[in-house]
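J.: just the structure for this:
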Amino acid sequence: MRPVIVILFFMMCIMGQSCKKEENQAPTQPLNEIVDSSAMIKYSGAFTSGPYGNTSGTAEIYVQGSNYLVKLVNFSSSNGPALHVYLSKEAMPINYFDLGSLKSTNGSQVYNIAGMPDFNQYKFISIHCVQYNHLFGSAAIN
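T.: Numbering: from 1, shown residues only. Okay, here's the model as predicted:
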């Protein structure tokens with residue numbers, strides 16, 4: 001009976017803490033990146049926390065000429081390894097554009113969107129732990 005309890009305890013520790021390990025953590029220095037004044041906001045949404053982290057702030061999508069940008073405004077997130085920003089069809093990303101590594105867990109930051117996604121289908125900005133496939137939070141954009 002004791003080995004089963006030890007194994008269950010070990011598994012719970014791994015699952016509960018896997019995206020909180022200290023290797024490959026995102027930077028924490030607050031950022032204040034801005035979007036060029038010629039860019040026009042098209043969509044926005046507030047972040048909600050996911051099952052593996054806490055997020056807050058707003059995601060905004062801008063168009064600048066033929067380019068699209070995502071700006072995380074007054075953003076804050078729990079830290080974890082290999083955190084990425086996704087433009088996704090679902091809150092828990094399955095079909096997505098990977099916009100790159102999270103630049104910081106704090107502040108305003110800007111990411112380029114490669115290509116011309118259909119925003120009628122791609123409706124979420126997600127903060128996702130690539131290493132463990134954990135959702136830290138998402139914003140439904142309208």
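J.: any stretches of the chain with poor pLDDT?
T.: Along the chain, segments meeting pLDDT under 70 span 1-23.
J.: could you redo the last one with a cut-off of 50?
T.: Within the chain, the ranges that satisfy pLDDT under 50 run 4-18.
J.: tell me where it has helices.
T.: 2-17 (DSSP state H).
J.: from the centroid of it, which residue is nearest?
T.: residue 127 (1.4 Å; CA atoms, centre = their mean).
J.: ends of stretch 89-105, what's the gap?
T.: In stretch 89-105, first residue to last residue: 23 Å (CA to CA, to the nearest Å).
J.: how about it: buried residues?
T.: Buried residues in stretch 89-105, counted by 16 or more other CB atoms under 10 Å: 89, 91-93, 96-97, 99, 102-105. Where C-beta positions appear, they are placed from N, C-alpha and C, glycine not excepted.
J.: can you pull out the residues in contact with that stretch?
T.: With contact meaning CB atoms under 8 Å, 6 or more residues apart in numbering, stretch 89-105 is reached by 26-31, 33, 50, 70, 76-79, 82-88, 109, 111-115, 117, 121-124, 126-128, 135, 138, 140.
J.: any of those buried? List them.
T.: Here, 16+ other CB under 10 Å leaves 26, 50, 70, 76-79, 82-88, 109, 111, 113, 117, 122-124, 126-128, 135, 138 buried among those.
J.: quick one: which of these sit in strands?
T.: Residues from these lying in strands, with DSSP state E as the criterion: 70, 76-77, 83-88, 109, 111, 113, 124, 126-128, 135, 138.
J.: end to end, how far does stretch 89-109 reach?
T.: End-to-end distance (CA to CA), stretch 89-109: 21 Å.
J.: re the thing from before, let me know the closest of the buried residues of stretch 89-105 to residue 60.
T.: residue 99 (13.2 Å; CB to CB).
J.: roughly how far does the closest one sit from residue 67?
T.: 13 Å (CB to CB, to the nearest Å).
J.: shared neighbours of these two, which are they?
T.: Common contacts of residue 99 and residue 67, defined by CB under 8 Å, 6+ apart, comprise 112-113.
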